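Build me a structure from this.
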Amino acid sequence: MSVEESTARTTPRKRHPRGLPALWGTEMWERFSYYGMRAILVLYLVAPSSRGGLGLPPTTAAGIFGVYGGLVNLLAVPGGWLADRLWGAHRTVLGGGLVIAAGHCALALPLAAAGTYLGLLLIAVGTGLLKPNISTMLGGLYDVPGAPAAHGTARRDAGFSLFYLGINIGAFAAPLVTGWLGERVDWHAGFGAAAVGMLLGLTVYLRGSRQLRPAGPPPRTRATTHQLQRAAAWAGCAVGAVAAVVAVVVAAGLGALAGVLYALSALTLVVPALYFVAMFRAPGLDAVDRSRLRAYIWIFLAATVFWMIAEQGGSLISLFAQRHIDRALFGWQIPTGWFQSAGPLYGMLLAGVFAALWLRLGHRQPSTAAKFALGLAGLGVATLLMAGAGLAASDGRRASPLWLLAAFLVQVLAELCLSPTGLSVTTRLAPHRFAGQIMSLWFLSVAAGSALSAQVVRLSDILPYDVYFAVLGAAALLCAAAVALARSSLRRLMRGVS
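The predicted structure follows:
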């Protein structure tokens, strides 16, 4: 027996749960499929039919991208409910993975617009089922009865760090593969690579299912027949409302696609508003709970503005890169989709630096409001860099790719200030009885921001790129200033949560 084997047997507390590699591989390949498809989606939507695309106007393509992103995050809410009250996390993740794979396969087939929209809908539904529950299963691996005692906070945090490293690896590698295949070979070949990624993720998940089942047991409290009927009624109301808006828009002569985009954008904004109303009307909340919920409204709005601008990195900025960035390198043209790998690469390099920085600062680190202000200000600077790129390309020349790489770097720095802080403060502000539901609101802030971006990008039809990005950058800086000025008021509302 080697020294290493002996040590592993005598000190089990140094090991992670056996199911961790399966979840790590599943999430890495699922993110590979998700970000690989996103890297070429808008490029495919605007490509002329002679090049195998759908030939849509740029703002329509960016709108589809935004609504799709909103729907993915919106559906995470019922996805979590179905796992908690009906199927359990294990079955929900497996079902979600199968639906995602079906969606990518639909995109990989040359089925024109019908296959594209069906594929996007299936991927959104499947991701809503998988995304919130695979993280729950990872936490469950460390709570399984009989797990080593050292599977506690430190080991759990290390496990989640490895998990998110897998996410970034998948997000980094995917555009390099799908971008080259989609732009150099065939769009459907790129989508096919994303489908293969999801199928590999499913294979990893099924091979490790024996170790994963204890982490995703059936729900302890199943939904009653009345609760299922009420959920079905709410879903029916949502579908009916979407259909009504589409009918009105079609009657106004704007077309069915525009109607769907307007309806889904509105739904994504209405749902979080209803969530807040329901929580404020719930009996049993004390003054502290209500004060903290009021504080969270402002945090939610600030996060929505952040995601409204940040989510355009995969849509309008990708189209800008294709048409106005100099992509020549030693006589070879860099695929546009490759720029989408910059953000995950920066994230892998910088996430640990930020985590170490906050730990080192300890009680001297900035407050939640200050971190949000820094995040919004950083996003404003990143967007102003894009305005500089637009100005450099305004005379018909192509701007240097350094503009784009610098903008993505600053945006990632901004996101590292705001996003982890938002997740953390969400858990700390939540009234005990709404701990799970208020976490859903964080997903809904991303959904609302994505949906708003689908409408805001329409301004790029009437504004040149430099002016458009300058307006967005100024808006982010104004929001940052507002949050910074309101930090004392927010601190009072948060009642002891810094």
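
Okay, domains of the chain per the record?
When the chain is parsed with automatic domain parsing, its domains come out as 15-216, 282-498.

ends of the shortest one, how far apart?
Put plainly, it is domain 15-216. Domain 15-216 has its terminal residues 20 Å apart, counting by C-alpha to C-alpha, to the nearest Å.

Report the helix or strand with the lowest average pLDDT across this protein.
When the helices and strands of the chain are scored by mean pLDDT, DSSP states H and E, helix 3-10 comes last with a mean of 38.

Tell me which helix or strand comes right after that one.
From helix 3-10 onward toward the C-terminus, using DSSP states H and E, the following helix or strand is helix 20-46.

looking just at contacts, which helices and strands does that next one meet?
helix 58-74, helix 89-108, helix 112-141, helix 153-180, helix 187-207, helix 209-212, helix 316-324 (3 or more C-beta pairs under 8 Å, 6 or more residues apart in numbering; DSSP states H and E). In short, each C-beta sits where N, CA and C put it, glycine included.

Mean pLDDT for these - can I get that in JSON lines?
Formatted as JSON lines, the entries for the helices and strands packed on helix 20-46 read as follows, by pLDDT from 0 to 100:
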{"stretch": "helix 58-74", "mean pLDDT": "94"}
{"stretch": "helix 89-108", "mean pLDDT": "95"}
{"stretch": "helix 112-141", "mean pLDDT": "90"}
{"stretch": "helix 153-180", "mean pLDDT": "84"}
{"stretch": "helix 187-207", "mean pLDDT": "96"}
{"stretch": "helix 209-212", "mean pLDDT": "82"}
{"stretch": "helix 316-324", "mean pLDDT": "95"}
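
Pick the most buried one from those helices.
Comparing those on average neighbours per residue, with mean count of other C-beta atoms under 10 Å, the densest one is helix 58-74 at a mean of 25.

What would that one look like as CSV? C-alpha coordinates only.
Extracted C-alpha coordinates of helix 58-74, given in CSV (Å, rounded to 0.1, in the frame of the first residue of the first chain):
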residue,chain,number,x,y,z
PRO,A,58,-30.0,42.7,-35.5
THR,A,59,-32.3,44.2,-32.9
THR,A,60,-34.8,41.4,-33.4
ALA,A,61,-32.0,38.8,-32.9
ALA,A,62,-30.7,40.6,-29.8
GLY,A,63,-34.3,40.8,-28.5
ILE,A,64,-34.7,37.0,-28.9
PHE,A,65,-31.4,36.5,-27.1
GLY,A,66,-32.6,38.7,-24.2
VAL,A,67,-36.0,37.1,-23.9
TYR,A,68,-34.4,33.6,-24.0
GLY,A,69,-32.1,34.6,-21.2
GLY,A,70,-35.0,36.0,-19.2
LEU,A,71,-37.0,32.8,-19.7
VAL,A,72,-34.2,30.6,-18.6
ASN,A,73,-33.9,32.4,-15.3
LEU,A,74,-37.7,32.8,-14.9
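
which element is residue 453 on?
Per DSSP H and E, the secondary structure element for residue 453 is helix 435-456.

Only the buried residues of that helix, if you could.
Neighbour counts using 16 or more other C-beta atoms under 10 Å place 437-456 of helix 435-456 among the buried residues.

follow-up on the earlier one: out of the helices and strands packed on helix 20-46, the one nearest residue 248 is which?
Closest to residue 248 of the helices and strands packed on helix 20-46, according to C-beta to C-beta: helix 58-74, at 17.2 Å.

and that closest one, what does it pack onto?
Contacts of helix 58-74 with other secondary structure elements, assessed using 3+ C-beta pairs under 8 Å, 6+ apart, are made with helix 20-46, helix 112-141, helix 256-281, helix 316-324, helix 435-456.

I'd like to know which elements the shortest one is packed against.
Going back to what we said before, that points to helix 316-324. Applying 3+ C-beta pairs under 8 Å, 6+ apart, one finds that helix 316-324 contacts helix 20-46, helix 58-74, helix 368-392, helix 401-429.

Run the chain-centre distance for it.
Per C-alpha atoms, centre = their mean, to the nearest Å, the displacement of helix 316-324 from the mean C-alpha position of its chain is 21 Å.

how far off helix 435-456 does it point, in degrees?
30 degrees (axes from the mean of the first three to the mean of the last three C-alpha atoms, to 10 degrees).

Also the second one?
Angle of helix 112-141 versus helix 435-456, following the same axes, to 10 degrees, is 150 degrees.

and helix 112-141, how far from the chain's centre?
The mean C-alpha position of helix 112-141 is separated from the chain mean by 11 Å, C-alpha atoms, centre = their mean.

between that helix and helix 153-180, how big is the angle?
Angle, helix 112-141 to helix 153-180, by the same axes, to 10 degrees: 160 degrees.

helices or strands up against helix 112-141?
Helix 112-141 sits against helix 20-46, helix 58-74, helix 76-82, helix 89-108, helix 153-180, with contacts defined as 3+ C-beta pairs under 8 Å, 6+ apart.

Does anything pack onto the longest one? Which helices or strands?
Judged by 3+ C-beta pairs under 8 Å, 6+ apart, helix 153-180 is in contact with helix 20-46, helix 112-141, helix 187-207, helix 342-361.

can you list those in a markdown table and add distance to residue 225?
A markdown table is the format used below for those (distance: least, C-beta to C-beta, whole Å):
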| stretch | distance to residue 225 |
| --- | --- |
| helix 20-46 | 33 |
| helix 112-141 | 22 |
| helix 187-207 | 31 |
| helix 342-361 | 44 |
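
returning to that earlier point: show me the one of the helices and strands packed on helix 20-46 that comes nearest residue 18.
Checking those against residue 18 by C-beta to C-beta gives helix 209-212 as the closest, at 4.6 Å.

Let's see the closest one as PDB, backbone CA atoms only.
Output for helix 209-212, consisting of C-alpha atoms alone and laid out as PDB, is shown next (Å, rounded to 0.1, in the frame of the first residue of the first chain):
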ATOM      1  CA  SER A 209     -26.300   8.200 -10.400                       C
ATOM      2  CA  ARG A 210     -25.600   5.600  -7.700                       C
ATOM      3  CA  GLN A 211     -23.600   8.100  -5.800                       C
ATOM      4  CA  LEU A 212     -26.000  10.900  -6.500                       C
END
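
rewinding a little: figure out which of the helices and strands packed on helix 153-180 is closest to residue 214.
helix 112-141 (7.6 Å).

can I assume residue 338 is in contact with residue 175?
Yes: when contacts are counted by C-beta atoms under 8 Å, residue 338 is listed as touching residue 175 (5.8 Å).

Which of the helices and strands packed on helix 153-180 sits closest to residue 170?
When the helices and strands packed on helix 153-180 are ranked by distance to residue 170, counting by C-beta to C-beta, first place goes to helix 20-46 at 3.6 Å.

Kindly reformat the domains of the chain as JSON lines containing distance to residue 244.
Formatted as JSON lines, the domains of the chain follow (distance: least, C-beta to C-beta, whole Å):
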{"stretch": "domain 15-216", "distance to residue 244": "17"}
{"stretch": "domain 282-498", "distance to residue 244": "18"}
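
Among the ones you listed, which comes closest to residue 250?
Closest to residue 250 of the domains of the chain, according to C-beta to C-beta: domain 15-216, at 15.5 Å.

Quick one: classify residue 221 as helix, strand or coil.
coil (DSSP: H, G, I helix; E, B strand; the rest coil).
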